[in-house]
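Participant: Test case, fold it:
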Amino acid sequence: RLQLVPLTQEAVEQRVAAFSSYADEIRRNLPDVLLASMNILYSKYKTVRSAGQASPTSRGRLREDSKTESYLVYLRKQARALITFAGMIPYRMPGDTNARLVQLEVLMN
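Facilitator: Okay, here's the model as predicted:
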């Protein structure tokens, strides 16, 4: 694994420090990697959320709802780590990249 982007808050500073050692080719493509990662997280979030809302409630459903909610929280934390990383890296990304990242994270809340 390349571990280009952090998926936890704890890994953000480490990835920011490693950013300066990346080749220019990687740095130039990082905005696309961040957007792709955020789109994947949002797609997972949307799928899990819609599956949870579509099912009828029953006795064993409470435990499943708890698992679903904790997974949604996990996805939101990963999205927050991506946003934090994007803001901390010493690289000027296109303006629409940051706007799109934030927009996707807002849709997850």
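Participant: Could you use CA atoms for every contact and neighbour count after this?
Facilitator: OK.
Participant: Where does the prediction get shaky in the chain?
Facilitator: 1, 53-64 (pLDDT under 70).
Participant: Helices of this protein, residue ranges please.
Facilitator: With DSSP state H as the criterion, the chain has helices at 9-19, 24-54, 61-88, 95-107.
Participant: who does the second one touch, helix- and strand-wise?
Facilitator: This points to helix 24-54. helix 61-88, helix 95-107 (3 or more C-alpha pairs under 8 Å, 6 or more residues apart in numbering; DSSP states H and E).
Participant: in it, what's buried?
Facilitator: Going by neighbour count (16 or more other C-alpha atoms under 10 Å), the buried part of helix 24-54 is 27, 30-31, 34-35, 37-39, 41-42, 45, 49, 52.
Participant: Can you add distance to residue 65 and give these back as a markdown table?
Facilitator: Output for those, formatted as a markdown table (distance: C-alpha to C-alpha, whole Å):
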| residue | distance to residue 65 |
| --- | --- |
| 27 | 40 |
| 30 | 35 |
| 31 | 34 |
| 34 | 29 |
| 35 | 29 |
| 37 | 25 |
| 38 | 24 |
| 39 | 24 |
| 41 | 19 |
| 42 | 19 |
| 45 | 14 |
| 49 | 10 |
| 52 | 7 |
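Participant: gap between the residue positioned nearest the centre of the chain and residue 72?
Facilitator: The residue lying closest to the centre of the chain (C-alpha atoms, centre = their mean) is residue 79, at 2.6 Å. The gap separating residue 79 from residue 72 is 11 Å, by C-alpha to C-alpha, to the nearest Å.
Participant: before we move on, what about residue 20?
Facilitator: Applying C-alpha to C-alpha, the value for residue 20 to residue 72 is 32 Å.
Participant: more crowded one of those two?
Facilitator: residue 72 (20 against 13; other C-alpha atoms under 10 Å).
Participant: before we move on, the earlier item: cross-check the contact I'm expecting between the residue nearest to the centre of the chain and residue 41.
Facilitator: Yes: at 6.9 Å, residue 79 counts as touching residue 41 under the criterion of C-alpha atoms under 8 Å.
Participant: ok, residue 37 to residue 11 distance?
Facilitator: On the measure of C-alpha to C-alpha, residue 37 and residue 11 end up 16 Å apart.
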